[in-house]
Structure formats: C-alpha cells, structure tokens
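*Asks:* all I have is the shape, not the residue letters:
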C-alpha cells in the first residue's frame, strides 16, 4: 500500500510566489524594443493553487499510483476544498494512515483503486471507515 | 452584532489534521522544552489532565491510558491559524483576531446570521480540518458567552439544549430562553470576570449569570467596579467594547523560556539572556516602541529536589531605548546582581516594561551620555546607531533559527516544514553579513554566531 510520509504535508507558502521569467534580461544603452510587449510573469502558485487556505503539499511514498503518473518521491498538491467524486485521485485516511488512491464510487460500491496492476484495490469491510482528506489536483516531479 | 469563532482544542486539532491516527486518542501538546500541557483533547481532559499540568506528573498515563504527548509546533499552528482566520473573515464585515485560535467578527449588515455561521463553520472544517464553535451575541461579551454555550452543548450533551451545539445565537432567542441559559451558566465563565471577582461575587451569593444580570447597574458599580458594570451592560446587550481591528501596541514584551536541562553557571545564563533580550528588542522595534525598564528573572524548579532560588530585578534605563545594546547592558547588570552560584536554575526571562512610542520623546538637559546608552556607541566611533541595528537585525535573522546552543527539548515535534530555505533568506548577501557581524562585536557578548546563541 502506498503510504504517505505523514511528516511531509507541507503547508503551502502563499504570497511568495516563484517567478518564471518569460522575458530576457535588460540591456544598457539601447531601449529594449520588447519593452512594449512585456508579459506578466507566470506565478506557479496561481497555476497550481485554486484555494490557498485549503491547499497542502504532500510527498508520495510508494509505487501504487505509477500508472496515474504519480511516482515515488513526487510531491502532490492536495486541495481540501474540492468535493471528492468518482474517478478523482484522493488522499484518504484508512485506519489512521494517509493513502493516495483513485476514488471509486459507482453502483453502490465504494473502493479505493490503485493505479498499478501489482497493487490490489482497497475494499471496505463493515466497521471500516473511509475518510477522504483531500483531492489531488496536480503532481510535481523533480528530476 | 458580534460573532466569536474559536477552534476547539486548537493545537491538538492542528496535529490531528496531519496525523489522523491520533483521532479519538487522548492527546496533549507540550509547551517549549516539553514542560507542561498547553492543549488537551477531550479524551485527555477526561483522563484528568489539567491545563498547565507538568508533563512528568502525567507521564505515567502514556503507558497506562495511551496518552499521546507532542511537542508544540508553533510554526504549524501559526500557519493553520492564518488559514482559519482568512476563512472566518468571510462571515462578517470586520474582524479582530483575538488570539491564535479565536477571532471576533462584526456583523452589521449580515442577513440570516445563524445559517451563515453554520456554513462558515462547515467550510473551515472541510477546508482545513479544524472543528470550531461559533457564538453570536449583541455584544462581544455575549458572543463570548454564546461561544462557551456552543462548546459545552457540543462536548457535554445535556448541559445545554442540543440545538445550540456548535453554533449558538443568543440574539435570536427570546428573553425567557436567554434567562434560562444564563441561569444554567456559572458566573465565572463570563468574559472579563476573573477568578478573584467571581469569588467575591459568589460570596455575595451571585452564583450564575442570571443572578448577576438581575442586579441593578448602580449596585454593581458601587459594590464592585465600573469595569464590572461595563460587563453587566454588555450582558444586557449594550455594546461597550468595540472591535480592535488594528491591534494596540503591547504594553509589555516578555521573552521567557524553561531550559531543557538545569543551568548552574553564569555563562550559559548570559547566553540565554542575550537571546531573550535580542528577541524581545526585535519585537519592541517592530511595534515602534521604547522601553524604560527591563525586568530580569531566574528561578529553580519547584518540582525538582534541591535548594530553591528565585530572584528578579527591575533595571531602569537612563533613557527609553530600543537598541539591543542598551537593553543588553542593563539586562546583564541585572543578571549579575541576582545570580548566585550553586542552584539548578530551570527558567529565566526578560520583560521589557514601561513602553512608550518612538514618536514621543522626552527632551532633557544635556546630562552627557551614559555608558549604558549612546556612550558606548560613540566610544566605538560608530556614528549611526540605526544602520548598525539594521545590520544586527539582519544578522540575527541570518543566524538565529536552528542555531541555538541553549539546551532545549522537543521530544516529538511533528517535523513540518513551513517554507523552503531559499525563501526565508532571500535578498540577504550572506558573505557580507557574516563579515559585518564579526567587526562590530560588543562587549561583554560578541554578536558573532557562536555567542548569539
């Protein structure tokens, strides 16, 4: 089972965005002809975070979501404001531990599906509770 | 109308968001150095753990009752608090952040308040996972009381009507219903009525809030005080206390710590006092105040065997000051006076007192510079104190965090990372700063990284 390192949900720093410049540096002497065409820099926080108060980052441990593009050591952006629906990738709490899986909610069946044929789905027995902690909205890979 | 939103067992709730396995377990958060319990889950309260209970006295519950103790992670609580405050502010037109886990909201044009309060509460619970209670009243004191009722009704079924659990709006109740609630509430639970006054009131046979509101206001003022009359008026729905949207500058700034290990020698004490004074002075400058006196105290632990010792001293400054140098030399003079070797000291601290604004200055005849104030700066041919302070401030930012040599304990802190290394130290050319730090060293404590503790 893919367990998140619960030491790692990182509250996202808001207000200090990382800027990605889309425009080359300034040259002395001759005014840049590009000045009139300056672009607003892309703010990664804007791109990745819809609800700043409800967004947390988590580092993934394990390979059970490999087919969904989430590998070991990747960082996922988790939004707690989004309502979990069938088919969404979620962070769930199962028996007190975090796990990242795809939520299956159809035909009266509730289960958590792994995105890797080597891993079995999590089906719930009587008395077991499933709590969806948040919905994964994107995945950050660093090479 | 006012609302008060308050996080339930806030520190414990924050920890549970990130460690769901702690859900339903007795949990406490420990103060700095794992000294005593500063937050308790409902389950821990049921085990009899009191607020401020020293950890070693309840440690046996770890084995016998499965009590979980975590070292406080204030960086995490601060972050969760700002998220909560941001969501809470959506309920009202104006907001006063009263403490890390509670805020007042001014509701002037808010329709359908109770339903909106329930929605806000549900939103905070879903978005950040913190359970809260909301109290609504005509005044801030009423809102506080309503919040207490909402909490009690939630955690102790049967104490109050269950429909008031989580969100309690005193305004939409009838006079009779309100009186019933007041009759069921101990007078000591009212905001502004402390332990001493509630004792006095109880001796006068005023036991519940109902007993109190049925007094005549003139009697309250005559027999007690004008402050208590204000509380009386507030309970009757006449607003006397306004929202403070911009926090007033503090009147005292304290920085105190319990040591992880007892300290006997003077040198580590000097290091600790340097650290405390520098941090307090930073806060002082941030709110643009000057201090006229500094109190220094040290004491042993009453929970440890051995000779006991507790001394404090207030050292006046020649002129009100905010620069670390003046404050430090006064603090050291105080420390040397009260320090006696041979005791296992467990706690020390400094309190900056008698604060005034930097914008107001007392002029004087030229008595000359004293050693403790500007003299020292002049003697060392440093012309402008201001840039020096700025540099010191930068240095302390640069070296402070995580470089403390004081003995501290944090047995099991959730190792949450709030920001990455490169965001906190942006725009600080580190090589230059290190050089500056070493050139301007002050006696008796050097401002370089090793001594700055």
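*Replies:* Perfect, I can see it now. Keep in mind that this is a model prediction, so the values were computed, not measured.
*Asks:* in the stretch 151-300 of chain B, what residue is nearest chain A?
*Replies:* residue B:286 (18.4 Å; C-beta to the nearest C-beta). (Glycine included, C-beta is placed from N, CA and C.)
*Asks:* hang on, residue B:96 packs against residue B:244?
*Replies:* Yes: between residue B:96 and residue B:244 there is a contact under C-beta atoms under 8 Å: 5.1 Å.
*Asks:* ok, these two, which is more surrounded?
*Replies:* residue B:96 (19 against 11; other C-beta atoms under 10 Å in any protein chain shown).
*Asks:* pull the contacting residues for residue B:77.
*Replies:* Counting by C-beta atoms under 8 Å, 6 or more residues apart in numbering or on different chains, residue B:77 makes contact with B:10-11, B:14, B:100.
*Asks:* ok, now residue B:6?
*Replies:* Residue B:6 touches B:101-102, B:132-135, B:147, B:151, counting by C-beta under 8 Å, 6+ apart.
*Asks:* any idea which element it lies in?
*Replies:* Taking DSSP states H and E as the criterion, the element that holds residue B:6 is strand B:2-7.
*Asks:* check residue B:146 too.
*Replies:* Counting by DSSP H and E, residue B:146 is found in helix B:140-155.
*Asks:* and the pLDDT at whatever residue of chain A ends up closest to chain B?
*Replies:* Going by C-beta to the nearest C-beta, chain B is nearest to residue A:96 of chain A, at 2.9 Å. Per-residue confidence at residue A:96 stands at 83 (pLDDT).
*Asks:* give me the number of neighbouring residues for it.
*Replies:* The number of residues near residue A:96, taken as other C-beta under 10 Å, comes to 14.
*Asks:* what's the span of stretch A:53-73, first residue to last?
*Replies:* End-to-end span of stretch A:53-73 (C-alpha to C-alpha, to the nearest Å): 24 Å.
*Asks:* I should have written stretch A:113-129 there, sorry.
*Replies:* This stretch, stretch A:113-129, spans 16 Å end to end (C-alpha to C-alpha).
*Asks:* cool, stretch B:207-223 as well?
*Replies:* Start-to-end, stretch B:207-223 (C-alpha to C-alpha) is 16 Å.
*Asks:* let me see the mean pLDDT of it.
*Replies:* Mean predicted lDDT for stretch B:207-223 stands at 91.
*Asks:* distance of the closest residue to chain A within the stretch 1-150 of chain B relative to residue A:95?
*Replies:* Using C-beta to the nearest C-beta, the closest approach of the stretch 1-150 of chain B to chain A is made by residue B:21 at 2.9 Å. For residue B:21, the distance to residue A:95 equals 8 Å [C-beta to C-beta, to the nearest Å].
*Asks:* again, but for residue A:67
*Replies:* For residue A:67 relative to residue A:95 (C-beta to C-beta), the value is 24 Å.
*Asks:* among these two, which residue is more densely surrounded?
*Replies:* Per other C-beta under 10 Å, whichever of residue A:67 and residue A:95 has more neighbours is residue A:67, with 13 against 9.
*Asks:* report pLDDT for residue A:38.
*Replies:* 59.
*Asks:* whoops, I mixed them up, residue A:2
*Replies:* 36.
*Asks:* cool, and residue B:202?
*Replies:* The model's pLDDT for residue B:202 equals 91.
*Asks:* can you check residue B:445 too?
*Replies:* On the pLDDT scale, residue B:445 is placed at 34.
*Asks:* same check on the one 3 residues further on?
*Replies:* According to the prediction, residue B:448 has pLDDT 35.
*Asks:* returning to what we had before: among the contacts of residue B:6, which one lies nearest to residue B:72?
*Replies:* If you rank those by distance to residue B:72 using C-beta to C-beta, residue B:101 comes first, at 13.1 Å.
*Asks:* show me the two of the contacts of residue B:77 that sit farthest apart.
*Replies:* Spatially, the most separated pair among the contacts of residue B:77 is B:14 and B:100, at 9.9 Å (C-beta to C-beta).
*Asks:* who has more neighbours out of those two?
*Replies:* Between residue B:14 and residue B:100, counting by other C-beta under 10 Å, residue B:14 is the more crowded of the two (30 against 18).
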